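J.: Got a sequence here, can you model it:
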Amino acid sequence: MPLTDDTQRFTALSARLTGFDGEDLTATGLAEVYRAVAEEELGAVRYERLLREWGERAAGMDGDPGASARAVTYLWYTGSWPGSPPRLVSPRAYAEGLVWRAAGLTAPAAGPGGYGSWAEGVGR
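T.: I've put the predicted structure just below:
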């Protein structure tokens, strides 16, 4: 499925925020889902401001665009939108969280071995 221009803009922003390239992010299959979540949670005005201003500033942005950028980064790494409590987007989002890839792991209970499979082979 081809990405829309808006999703491509969001993916390019997300690549800058996460340190993963756009192809890695697109391969999760969640770019459009996360774009929609970010736009919904931030609102159209804050979402557009984030896309516009992030291209003009470095990672140390303060204020609203900085908080929005941190929220989008959190979304990609955890599969959840930050809050109290965080809003898990879906079980797939949990499994595809960049935190697992960054650590070289598979999300617990999300891999083919299932829950507790990590213990197999311990002590052998």
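J.: What is the strand or helix carrying Glu40 packed up against?
T.: Glu40 belongs to helix 31-42 when assigned by DSSP states H and E. Contacts defined by 3 or more Cβ pairs under 8 Å, 6 or more residues apart in numbering; DSSP states H and E place helix 31-42 against helix 5-18, helix 44-54, helix 63-78. C-betas here are computed from N, CA, C, even on glycine.
J.: tell me, how many neighbours does the closest residue to Ala95 other than its chain neighbours end up with?
T.: Closest residue in space to Ala95, ignoring its immediate chain neighbours: Ala110 at 3.7 Å, by Cβ to Cβ, 6 or more residues apart in numbering. Ala110 has 17 neighbouring residues, counting by other Cβ atoms under 10 Å.
J.: Please identify the helix or strand for Ala102.
T.: Here Ala102 is assigned to helix 98-103, by DSSP H and E.
J.: Please identify the buried residues of that helix?
T.: 98, 100 (16 or more other Cβ atoms under 10 Å).
J.: Hmm, Leu75 and Val89 touching each other?
T.: Yes: shown here, Val89 and Leu75 form a contact pair, counting by Cβ atoms under 8 Å, at 7.3 Å.
J.: Report the contact partners of the residue nearest to the spatial centre of the chain.
T.: Compute the mean C-alpha point of the chain, and by Cα atoms, centre = their mean the closest residue is Trp76, 1.0 Å away. By Cβ atoms under 8 Å, 6 or more residues apart in numbering, the contact list for Trp76 reads 14, 17-18, 20, 25, 34, 97-98.
J.: picking up where we left off before, in terms of pLDDT, where does the residue nearest to Ala95 sit?
T.: Ala110 carries a pLDDT value of 76.
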